[in-house]
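S.K.: Have a look at this prediction, sequence included:
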Amino acid sequence: MPLPLPKAELHLHIEGTLEPELAFALAARNGVTLPYADTEQLREAYLFSDLQSFLDLYYELMAVLHTVDDFTELADAYLARAAAQGVRHAEIFFDPQAHTARGIPIGTVIEGLARALDGAEERHGVSTRLIMCFLRDESAESAMATLEAAKPYLHRITGVGLDSAEVGHPPSKFREVYAAAEALGLRKVAHAGEEGPPDYIREALDVLGVERIDHGLRCVEDPELVERLVRERVPLTLCPLSNVRLRAIDVLEDHPLASMLEAGLMATVNSDDPAYFGGYVGDTFDAVRGALGLDREQMRTLARNSFEASFLDDDEDRRAR
Ligand code: ADE
Ligand code: ZN
């Protein structure tokens, strides 16, 4: 078996790495009753029709996460799996509002994740960054309150992101929150063009000033936008297995990744929510290589793009590779 390509993962929701086995173990530890008999029955629920049908289960299962240790265990398990698949650097999303809404303090979440991330270089050979996401189907006021609540932990947080149900919640809804985040020195990314239209990608760039677009899949419907993304070298953190599981595309063989690379887009490949979508990032690299017939040079381009699009500074970037 050849060693996996060294790569960075830039689009990974830590709550989306909650495997059924860990969910049941944490449920037992925290006295939570899950509405599934066992891991097998839970896995049977992983048949999604769209983003919302996935989000319903994703938020439901988070009920098992209670303590600092739970978040540490979750993140450490991800880092071990990612490292085994060649990940040298991971920029990890988390959804504080999904936890504070359940009465879990933001400090519990961040402290728990930070404990796993602090030891990640020594334990797993993976450098890390944390990106705090706002839930776009919640209000802008709630996002602003979340940014305020995160202020004691800003030394732990590299940037902000925007996720959850996209359609009907355009990036412009969060103009002030992103301006406040920028004033605090935070980097900026946002999900756009996963289910939402190409104009959401434009808004994320022009109104929020993001440095990367998470997904960006639907840019292919708009040649003028593609031209701009190529010209400005805007990284897209694509998640091909997620696109298939959430029915944005029918089968992986139809994914536009190869033509996006050919068009000169700064595409990267990521796992999104690997416990739910059938693979971690190394599995995703293998799957797209097989389904789309990508050659070695294209695979190397994807790996190179992942470091180039990361928030590592240049020195760290070279060391991680
Ligand atoms: N939260 C977790 N995964 C997500 C995705 N693929 N899109 C939007 N929000 C998410
Ligand atoms: Zn995502």
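M.R.: Okay, I see it. Residues are numbered from 1 along each chain as shown. Ligands and ions are numbered 1, 2, ... in the order given.
S.K.: make it CA atoms for all contacts and neighbour counts henceforth
M.R.: Noted.
S.K.: list the contacts for residue 4?
M.R.: 85, 86, 282 (CA atoms under 8 Å, 6 or more residues apart in numbering).
S.K.: In terms of helix, strand or coil, where does it fall?
M.R.: Assigned by DSSP: H, G, I helix; E, B strand; the rest coil, the conformation of residue 4 is coil.
S.K.: what does the one 4 residues further on give?
M.R.: Recorded secondary structure, residue 8: strand (three-state DSSP).
S.K.: who touches it in this structure?
M.R.: So residue 8 contacts 87, 88, 89, 90, 91, 303, 306, 307, 310 (CA under 8 Å, 6+ apart).
S.K.: Bridge partners for the closest residue to it other than its chain neighbours, pull those for me.
M.R.: Take residue 8 and drop its neighbours on the chain: the residue closest to it by CA to CA, 6 or more residues apart in numbering is residue 89, 4.6 Å away. Using DSSP bridges, the bridge partners assigned to residue 89 are residue 8, residue 127.
S.K.: Residue 89 reaches residue 79, doesn't it?
M.R.: No - using CA atoms under 8 Å, residue 89 is not in contact with residue 79, being 9.6 Å away.
S.K.: Give the residues shared as contacts by those two.
M.R.: residue 126.
S.K.: Which residues of this protein lie near ligand 1?
M.R.: By CA under 6 Å from any ligand atom, the residues of the chain that approach ligand 1 are 13, 163, 164, 165, 272, 273.
S.K.: 5 Å instead, please
M.R.: Counting by CA under 5 Å from any ligand atom, the residues of the chain close to ligand 1 are 163, 164.
S.K.: would you list every one of the strands in the chain?
M.R.: 7-13, 87-94, 127-135, 159-163, 187-192, 212-215, 235-238, 266-269 (DSSP state E).
S.K.: Could you save these as CSV and add columns showing distance to residue 19 and mean pLDDT?
M.R.: Below are these laid out as CSV (distance: least, CA to CA, whole Å; pLDDT from 0 to 100):
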stretch, distance to residue 19, mean pLDDT
strand 7-13, 13, 98
strand 87-94, 16, 98
strand 127-135, 20, 98
strand 159-163, 20, 98
strand 187-192, 23, 99
strand 212-215, 23, 99
strand 235-238, 22, 99
strand 266-269, 21, 98
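S.K.: Quick one: closest of these to residue 116.
M.R.: Minimum separation from residue 116 across the strands of the chain (CA to CA) falls at strand 127-135, 9.9 Å.
S.K.: to the chain's geometric centre, what's the distance from the closest one?
M.R.: Centroid separation for strand 127-135 versus its chain: 8 Å, with CA atoms, centre = their mean, to the nearest Å.
S.K.: next one: stretch 63-79
M.R.: Distance, centroid of stretch 63-79 to centroid of chain: 16 Å (CA atoms, centre = their mean).
S.K.: What average pLDDT does that stretch get?
M.R.: In this model, stretch 63-79 has a mean pLDDT of 98.
S.K.: returning to that earlier point: looking at the contacts of residue 8, spot the one nearest ligand 1.
M.R.: residue 91 (14.1 Å; CA to the nearest ligand atom).
S.K.: how many other residues sit next to the closest residue to residue 157 other than its chain neighbours?
M.R.: Residue nearest to residue 157 in three dimensions, not counting chain neighbours: residue 130, with 5.1 Å by CA to CA, 6+ apart. Counted with other CA atoms under 10 Å, residues neighbouring residue 130 total 20.
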